[in-house]
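[1] structure for the following, please:
(chains A and B)
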Amino acid sequence: MIPEIGQFALIIALCLAIIQTFFPIVGAARGNAAWMALARPVAQGQFVFVALAFACLTYAFVTNDFSVLYAASHSNSQLPLLYKVSAVWGGHEGSLLLWVLFLSTWTLAVTVFSRALDEAMLSRVIGVLGFVSVGFLLFMLFTSNPFERLLPAAPDGRDLNPLLQDPGLAIHPPMLYLGYVGFSVAFAFAIAALLSGKLDAAWARWSRPWTTAAWVFLTIGIALGSWWAYYELGWGGWWFWDPVENASFMPWLIGTALIHSLAVTDKRGTFRNWTVLLAITAFSLSLLGTFLVRSGVLVSVHAFATDPERGVFILAFLAIVIGLSLALYAWRAPKVGFGGDFKLASRETMLLTGNVMLSVAAGAVLLGTVYPLVHDAMGMGKLSVGPPYFDAVFLPLMVPVIFMMGVGPISRWKKTSVPELKTRLRWALGAGVIAALVFPFVMGGWSILVALGVLMAFWLFGAGVVNLVTRVTTMSGSESVTAKLAKQPLHYYGMLVAHAGVGIFVLGVTFVNGYEQEKDIRLDLGDVVTMDAYTFRFDGVVQVTGPNFKAHRGIFVVSEDGEPYTILHPEKRIYNSQQNPMTEAAIESGFFHQLYVSLGEPVGGGSWSARIYFKPFVAWIWAGCGLMGLGGILAISDRRYRIASRAKKAAAKGAGLAPQPGQGVATKPASAMASGVDS
Amino acid sequence: MKRRHKRLAFIVGGLAGVAIAAGLVLNAFKGNMVFFFSPTQVVAKEAPVDRPFRLGGLVKEGSVNREDDGLTVNFVVTDNAEDIPVIFTGILPDLFREGQGVVTQGRIGAGGVFQAEEVLAKHDETYMPPEVAEALEKAEQANAQSVSQTRVTQ
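    Sure, this is the predicted structure:
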């Protein structure tokens, strides 16, 4: 009965989504106030029914209702409760439902927080979001119904893939999806603006916090996925340039360009048509990512569907959305124009250069990800593009981006003085050069790549410090330094923190690539391996039993310079339901390094093969991502947005509508996540 | 006039930058394409000898043999038509098993043995890499054809 209610709720949600698309958009075009007024309540209604459907599916998982085919194939009665819930999005159908749930949640948020937005604009935004929702609901109801019954019911479920039974992975897809789907709001604002023909600074101001919020979720989601791959797959790598990773990275690159371009449009009114194009691209790449991941064309843990019908449906939807938006863009953009003028040496130029570089990088990733698929589809044979390609492309593209990240924020809008920049930034450059010369020796060996990485990181830190100092010293008034610091807006600190995060990230990547040590080794009882200052002694393997698995647990006694340090317990698990072996690495995390041990196989006589890593600074990679996310959160929490929202709330009260809690709702989980990544 | 020159320089500079970037990208791209071959194709000498490629098929039953160092593994990859011996040193992925699909990356070495640098993991025991499934299917069709041909000639 409950699953049928869920299915019914989805059908009602579809009907509401159709209404939500048609009436507000047509109403806005015709100036029909009654039709436009439908936007808010219908979107809220859609949210209620999608949430109901999601609750019904979750109920089926929690109560072990294996007469629901989807639950039977992705859950198991022995599964711990947390994973029963996360198993809801552990497969194709459920993850789609989660996608739609988030889409309607973002839409709901728009209806709540955008009260001051003029009615026609809001109607168009909600209408565009409704259109996207129609596509996904149709897709779900026609090709991937999560509520399909299995008769007779299965005695027990097939279980969730053991790789996915992990707290990191329970929250990674929701974060990523919040990011993906969040770009639909930026997209909807862009399309609405194109429809209305009013692409002004106000439009950019409105879409900025939404875009930044989506970007924060995407950043954290990608970082979580990387962290999960690092400790769960047991290969010690944190990024594989796997097509699925690329699918999430492309919208991130364009999204990063977008938040900077939006800033220019907001502050200076320029870059307008470029910003719109980026907004369309970011969302299109999110859809493309969904297509790549969900259509089964990729070989990956994430590829659930192997049903070509599904792939064709998403591809068709993709073509419609991208085709329509680009057609609209081609029609309207010439009228919109690029906006104001600026000199060659100006902040605009720096931001534009960074934007172009990020877009080229996204294009390069797209080429490496999609070319093999096209090649295969045309019957020219199977091929893959290896990580060396991406590494080779990325480094030269990111060096100028990082240079601009130092220069851009300190230069002036419209026209900046080059000699003044040189004077100010020579300290940052000096700090970078000294660090690049000294640090590699301290770390154990100079190499050009390490030196370059250190130079870039310290250039960023230095430029951040110079920026702050310049800002405070050139401020008029006789207040103390602290008072002046306190006066700086939050979004400014957000920029500094996010850019410093990039520096931390670069340091992590540089040091782990430059100085990590790895050993694949056969170990007999009592064998010893030494790496850096650490000695690992293999004390054998014991059998342990977990809630739904049995495991061999290795004992590695680690000492640091001869002193006892820690004991590591890597496991080789066999899950009861599927009898698959699974490697669970053991990691000891310090501030400057991680020790990483994973068990291979028994090779006879109590001996095991094992893989041991010494990874300097590896956690800095995710800490850096966490800081980028934190920077985004600071930027969203800036006063100017809150003032706007307070004004809105006052207006809402006047209209007799209950105010909703502020943006804390949206940002709380992200900040909790950020600190989780830090640790 | 001066302003126009500046703008022109700006545009030319931008285009040059993009051209350089595109050149870098395409060059790196060309050098890092790794093609996939089935054992039948390798036997037919379709695979390159001077650069790495991917070899995929089934791990032949009873072919996995571990050397004394505990890390070097010999096994045979088959598409049920042709067999290619493979040697790999390192830790195998969790779901590497006899009779299951596998994709390896490396080069053909001395004596026709494939020196694998990487054995790619599958994530699910029921999952068959699509390349492998297709290679098996092709080999089977080729087999059926040659059988029917021999019948005809007989």
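[2] OK, contacts around whatever residue of chain A ends up closest to chain B?
    Closest approach between chain A and chain B, counting by C-beta to the nearest C-beta: A:Arg522, at 3.0 Å. (Glycine included, C-beta is placed from N, CA and C.) A:Arg522 is in contact with A:Val603, A:Ser607, A:Trp608, A:Ser609, A:Ala610, B:Asp69, B:Gly70, B:Leu71, counting by C-beta atoms under 8 Å, 6 or more residues apart in numbering or on different chains.
[3] so which of these is the closest to A:Leu253?
    Nearest to A:Leu253 among these, counting by C-beta to C-beta, is A:Ala610 at 37.0 Å.
[4] partners of the closest one in the sheet?
    A:Ile521, A:Leu599 (DSSP bridges).
[5] please report how far it lies from A:Pro602.
    Note on A:Ala610: its distance to A:Pro602, by C-beta to C-beta, to the nearest Å, is 11 Å.
[6] those two: who's more crowded?
    Between A:Ala610 and A:Pro602, A:Ala610 has the larger neighbour count (other C-beta atoms under 10 Å in any protein chain shown), namely 25 against 14.
[7] strands along chain B, start to end?
    Applying DSSP state E to chain B gives strands spanning B:33-37, B:53-59, B:65-66, B:72-78, B:83-89, B:101-108, B:114-120.
[8] so for A:Leu150, which of those sits nearest?
    Of all those, strand B:101-108 sits nearest to A:Leu150, with 27.2 Å by C-beta to C-beta.
[9] that closest one: how far from the chain's middle?
    Averaging C-alpha positions (C-alpha atoms, centre = their mean, to the nearest Å) puts strand B:101-108 6 Å from its chain's average.
[10] who touches that strand?
    Residues from elsewhere that reach strand B:101-108 (C-beta under 8 Å, 6+ apart): B:34, B:36, B:42, B:47, B:49, B:51-59, B:77, B:86, B:88, B:96, B:114-120, B:122, B:128-129, B:131-133.
[11] could you redo the last one with a cut-off of 6 Å?
    Residues outside strand B:101-108 that contact it (C-beta atoms under 6 Å, 6 or more residues apart in numbering or on different chains) are B:49, B:52, B:54-56, B:58-59, B:86, B:114-120, B:128-129, B:132.
[12] for stretch A:60-78, same thing?
    Stretch A:60-78 has contacts (C-beta under 6 Å, 6+ apart) with A:3, A:84, A:87-88, A:90-91, A:93, A:146, A:148-150, A:153-154, A:156-160, A:548, A:577.
[13] which residues touch whichever residue of chain B sits closest to chain A?
    Chain A sits closest to B:Gly70 of chain B, with a gap of 3.0 Å, by C-beta to the nearest C-beta. The contact partners of B:Gly70, taken as C-beta under 6 Å, 6+ apart, are A:Arg522, A:Val603, A:Ser609.
[14] ok, A:Pro440 next?
    Contact partners of A:Pro440, counting by C-beta under 6 Å, 6+ apart, are A:Trp446, A:Val450, A:Ala451.
[15] got any ranges where chain B has weak pLDDT?
    For chain B, the stretches with pLDDT under 70 are B:1-3, B:121-131, B:143-154.
[16] center of it - which residue?
    In chain B, the residue lying closest to the centroid (C-alpha atoms, centre = their mean) is B:Arg54, at 1.3 Å.
[17] and chain A, by the same measure?
    The centroid of chain A falls nearest to A:Leu218 when counting by C-alpha atoms, centre = their mean (1.9 Å).
[18] where does it fall, secondary structure wise?
    In this structure, A:Leu218 sits in helix A:201-232 according to DSSP states H and E.
[19] just so I have it, where are all the helices in chain B?
    All helices of chain B, identified by DSSP state H, fall at B:2-31, B:39-43, B:130-153.
[20] could you do the stretch 151-300 of chain A as well?
    Taking DSSP state H, counting those that start in this stretch, the helices of the stretch 151-300 of chain A run over residues A:167-196, A:201-232, A:243-268, A:272-294.
[21] and the ones you listed as CSV, adding distance to chain B and mean pLDDT?
    Below are the helices of the stretch 151-300 of chain A laid out as CSV (distance: least, C-beta to the nearest C-beta, whole Å; pLDDT from 0 to 100):
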stretch, distance to chain B, mean pLDDT
helix A:167-196, 12, 91
helix A:201-232, 11, 91
helix A:243-268, 11, 92
helix A:272-294, 13, 88
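[22] got the ones you listed as JSON lines, with distance to A:Val466 columns?
    Shown next, in JSON lines, are the helices of the stretch 151-300 of chain A (distance: least, C-beta to C-beta, whole Å):
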{"stretch": "helix A:167-196", "distance to A:Val466": "32"}
{"stretch": "helix A:201-232", "distance to A:Val466": "25"}
{"stretch": "helix A:243-268", "distance to A:Val466": "20"}
{"stretch": "helix A:272-294", "distance to A:Val466": "28"}
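[23] domain parsing for chain A?
    Per automatic domain parsing, the domain ranges recorded for chain A read A:1-165, A:180-404, A:517-617.
[24] can I get those in TSV with distance to A:Ser411?
    What follows is these, written out as TSV (distance: least, C-beta to C-beta, whole Å):
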stretch	distance to A:Ser411
domain A:1-165	33
domain A:180-404	5
domain A:517-617	31
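[25] can you tell which of the ones you listed is closest to A:Asp638?
    For these, distance to A:Asp638 was read as C-beta to C-beta. The smallest value, 8.4 Å, belongs to domain A:180-404.
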